[in-house]
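S.K.: Next one to model:
(chains A and B)
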2 protein chains.
Amino acid sequence: MTDASPATTPNARRSGGRDGRRALRATPMASFPTLVRDIPVYNLVPDEAVELIHDESLKILEEVGCEFRDDEAIAMWKAAGANVTGTRVRIDRALLMSLVAKAPEEFTLNARNPGRTVRIGGRNSVFVPMYGAPYVRDLDNVRRYGSLEDLNNFHKLAYMLPALHSSSSICVEPMEIPVPKRHLHIIHSALTHSDKPFMGIVTSKERAEDVMKMSGIVFGEDYVKDNTVVVSITNCNSPLVWDATMLDAMKVYAAHNQPVICAPFALCGASTPASAVGAVAQVNAEALAGVAFTQLIRAGSPVIYGQFMVAVDMKSGAPMGGTPEAAQMMYLMGQLARKYRLPWRTSGFHVGSKLNDAQAGYESNMLMHAAILSGANYIWHVAGWLEAGLCCDYSKFVTDAEQLVGWYKYAGGVSFADFKDAMAAIREVGPQGHFLGTQHTLEHFEKAFFSPSIMDFNSFEQWSAEGAKDHATRGRDKARQMLQAYEPPKMDEGIAEGLKDFIAKREEVLPDTVN
Amino acid sequence: MTDASPATTPNARRSGGRDGRRALRATPMASFPTLVRDIPVYNLVPDEAVELIHDESLKILEEVGCEFRDDEAIAMWKAAGANVTGTRVRIDRALLMSLVAKAPEEFTLNARNPGRTVRIGGRNSVFVPMYGAPYVRDLDNVRRYGSLEDLNNFHKLAYMLPALHSSSSICVEPMEIPVPKRHLHIIHSALTHSDKPFMGIVTSKERAEDVMKMSGIVFGEDYVKDNTVVVSITNCNSPLVWDATMLDAMKVYAAHNQPVICAPFALCGASTPASAVGAVAQVNAEALAGVAFTQLIRAGSPVIYGQFMVAVDMKSGAPMGGTPEAAQMMYLMGQLARKYRLPWRTSGFHVGSKLNDAQAGYESNMLMHAAILSGANYIWHVAGWLEAGLCCDYSKFVTDAEQLVGWYKYAGGVSFADFKDAMAAIREVGPQGHFLGTQHTLEHFEKAFFSPSIMDFNSFEQWSAEGAKDHATRGRDKARQMLQAYEPPKMDEGIAEGLKDFIAKREEVLPDTVN
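M.R.: Numbers count the residues shown, from 1 in each chain, chains lettered A, B, ... in the order given. Just a heads-up that it's a prediction; the model follows:
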């Protein structure tokens, strides 16, 4: 509980003076600060069970070990005293835990607009849109390949939607741009259409370095050597393989004090055992091995422990989304993350549905509930995700973001601040009265209750008169309206030119096709 | 955690011998026993906060009091020593709590098929379909008034859907039947199309007595004097009025040892203060006053403490559904119910959406998550509910019921039974292998992971080939298939005739219109 109303928290942080007024004109919607959860976490299993999983994870790393398929990484592990055979690294628990302990419990993720800077770890949670879809479901409800225009649109929406704390980066792949040049345009789109934190590229060392150079142009070259400005995702290849591409990305980012998320993309039953607890023990081993490696690169650099765990559908082989086991595994990972005092990532609204329909809704809130109650810090894929991540939907992007406003209220806890006044209102009204006109209701209703606009609570008759639209249609309408109202955040012209010049120069040397 | 797989729990309880085989032939789908939750409850606020709410509720009953608008009830309160002025009853905390303490913490709710009998209270949860809709959204997706044929269909579906523990009663109103005679056909439909527990009628003393007489025909006249066979809903008129109709129903049912749910239908901000905590304090006072009254009628008779709390939408005045505050208020009521050691009721999938769409999905799982984690015992309105209860949807009836199978898995907790085997599988597979062919996966996958059939996790291509149906359409398809496959549970011919005779005799004396 809290003695301040949670509804007062999500307000814009505005800088003052002329810059502040300019920023306000360019910012049609308020942006919420980091969500500071004010409710208890939910521990699904007792501490002894967490210790049991922890112990089995460590035994796996000691006895089976983990592959690190990169010469430099192998040399670093040897130097650190791990038991190395070829690319197989067996890490004893003392070494592992001493490295994990070097990672900070919390850190600041700086945005180019300081008012959008957030905290990662502890009681803080941030909401980050989806990443990595080749397809979009567009404003006409047509599913097709994504384009740069779509990507720009999602960054515009991420900028405008107040409960999103990041613009992610590859919400959707701009498929018309050749792969070797694509990362430049993705990062440019995120940095220019929004002023919120963003995410990096991990598909090669060179591309990761390009991300850092572009970040340097925006934030200052020296600034990004030590100050955290970009979060990137490195996936372990389950079971138990960290490959050269991921390790290269880790080396670039951790050296700059930029966090990577160490999270296997686990298809439980296929890349892990068919056991929720067994899968968690394996994923924990994989994530800890990654976290430890980042601390070999730069001790004390921020890193995000994490998971993406879904069961495979045995009928189709496809990943399932909002199933009960996905929620249960989140709770377990949250308990482990707290044991290790690590910031941790999970996913919120990642679903298997092909449409923004009832299945998508069931799945979304099954997972988000667990993400919030398990105390996740970096809650990813919370806008747009359909088809197990293959499609980013304009409608779901904005309907998800409205749900997030509700999750702010939820995680803010219940307010006892006006409890005595509320009880006085009951005495004033007495039996068989109503509260609609009381002073307490007039003063408190808006703060007391979530009041969404895409969700529809009208009567059937009113809803019919307004076109009898389903939620997905209302979401598309809202996305279209928002894009029409979009105004870009300001960016210094020199910086804007610098980014363009950098991209032009890189494009001169980069090929149009992957060899 | 548990050392038995939760997936093994939801199996049919079958009686043996010839009767058992006959029952099996007439029961095409398995039915799950009472859900025994094996996960911790979630306490949103500390115990001190619960005490604070409790204290304020008791002050309301002591200082403001509650209206009991029935002469007999007033006489009973006077005899019990309450402070009575007209119809206003002020109940001091010693009297109130001594009455509340008489109510049992758990009880058995008997079904006419003993294999469908369930437990209410403690760690037990049961899932009960919706109640009270005038409209249906039918198998052709047309919204229209409900009919007896619709009601029969919902009772058939409730009978066949394994995770539903009750057939409710008025899933939808059979609008073509005159109101004075309608209750006879509602109860007849529930008792004949299903053999699960059912719900009573509370709209008059005479109708409640008819329910008990029909129950007597089915269960035996003597049996229903003491054995619990029917649950009924009595709503307090918030704020703080128990009216004569509800009190009459309480008197009939409690005298027969049949539980009523004492639950205000609270529109927070309209019939309670605009404060989640304030609303809970008021609703708690109202519910406790009702519970206490049932113990004046028959000390030790079962009763269900409860709530239905939604905020009103200030734009339309309509009740909202799956909002964060509805979930928060559930957690608080759960904490209070545990303090009082009372079985308690909440609602699961009650939504404001007009369609079984993404909004309905978001809302449904927002609420069900809270219902399960708050340890609710009688989880009502978990199949079919749309439009704040005005419409029962065939599609949502079956899609909700599939979700409930997932909630069984969720509430069953995670299994550590095969943890060592899972870890052995990791050693066997090693880095870069896969688990699809391991003995562990083959043996455990089905038990380990929820595997729904209406939810679709196929590839986009496969889903398109199968008609690109949204979840609501798949739900309607499933409902249609199920109804075609329905076979009624057996009923002794003498009992069936007895029910028909009773209805015919009552119809002779009941008018066709309400005076």
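S.K.: use CA for all of it now, contacts and neighbours both
M.R.: Noted.
S.K.: how much space between A:R90 and A:N83?
M.R.: 5 Å (Cα to Cα, to the nearest Å).
S.K.: Would you mind telling me which of these two has the busier surroundings?
M.R.: Taking other Cα atoms under 10 Å in any protein chain shown, A:R90 and A:N83 do not tie; A:R90 has more neighbours (24 against 14).
S.K.: check contacts around the residue lying closest to that one once chain neighbours are set aside.
M.R.: When the adjacent residues along the chain are set aside, A:R90 lies closest to A:G65, with 4.1 Å between them (Cα to Cα, 6 or more residues apart in numbering or on different chains). Neighbouring residues of A:G65 by Cα atoms under 8 Å, 6 or more residues apart in numbering or on different chains: A:R88, A:V89, A:R90, A:I91, A:L240.
S.K.: What is the longest helix of chain A by residue count?
M.R.: helix A:276-297 (DSSP state H).
S.K.: After that one, which helix or strand is next?
M.R.: strand A:304-306 (DSSP states H and E).
S.K.: ok now that following strand, how far from the chain's centre?
M.R.: With Cα atoms, centre = their mean, to the nearest Å as the basis, strand A:304-306 stands 11 Å off its chain's centre.
S.K.: Average pLDDT for it, rounded please.
M.R.: Strand A:304-306 shows a mean pLDDT of 96.
S.K.: Repeat that for stretch A:91-111.
M.R.: 98.
S.K.: what's the span of that stretch from first residue to last?
M.R.: End to end - Cα to Cα - stretch A:91-111 spans 36 Å.
S.K.: Report the contact partners of the residue nearest to the spatial centre of chain A.
M.R.: The centroid of chain A falls nearest to A:W380 when counting by Cα atoms, centre = their mean (2.3 Å). Contacts of A:W380 were listed using Cα under 8 Å, 6+ apart, and they are A:F127, A:V128, A:P129, A:M130, A:R345, A:T346, A:S347, A:G348.
S.K.: Please apply the same query to A:L404.
M.R.: By Cα under 8 Å, 6+ apart, the residues touching A:L404 are A:F127, A:A163, A:L164.
S.K.: Tell me where the stretch 351-500 of chain A has helices.
M.R.: Counting by DSSP state H, counting those that start in this stretch, the segments of the stretch 351-500 of chain A that form helices are A:358-373, A:394-411, A:419-429, A:439-448, A:460-465, A:471-485, A:493-509.
S.K.: Next one: A:V280 from chain B, what distance?
M.R.: Between A:V280 and chain B the distance, using Cα to the nearest Cα, to the nearest Å, works out to 10 Å.
S.K.: now A:S125
M.R.: For A:S125 relative to chain B (Cα to the nearest Cα), the value is 17 Å.
S.K.: ok, now A:R427?
M.R.: Using Cα to the nearest Cα, one gets 6 Å for the distance from A:R427 to chain B.
S.K.: Am I right that A:S194 is in contact with A:F154?
M.R.: No: using Cα atoms under 8 Å, A:S194 makes no contact with A:F154, being 9.8 Å away.
S.K.: intersection of neighbour lists for these two?
M.R.: Joint contacts of A:S194 and A:F154 (Cα under 8 Å, 6+ apart) are A:S167.
S.K.: neighbour count winner among those two?
M.R.: A:F154 (33 against 27).
S.K.: List the buried residues of the helix or strand containing the more buried one.
M.R.: A:F154 is part of helix A:148-160, with elements assigned from DSSP H and E. Residues A:L148, A:D150, A:L151, A:N152, A:N153, A:F154, A:H155, A:K156, A:L157, A:A158, A:Y159, A:M160 are the ones in helix A:148-160 that count as buried (16 or more other Cα atoms under 10 Å in any protein chain shown).
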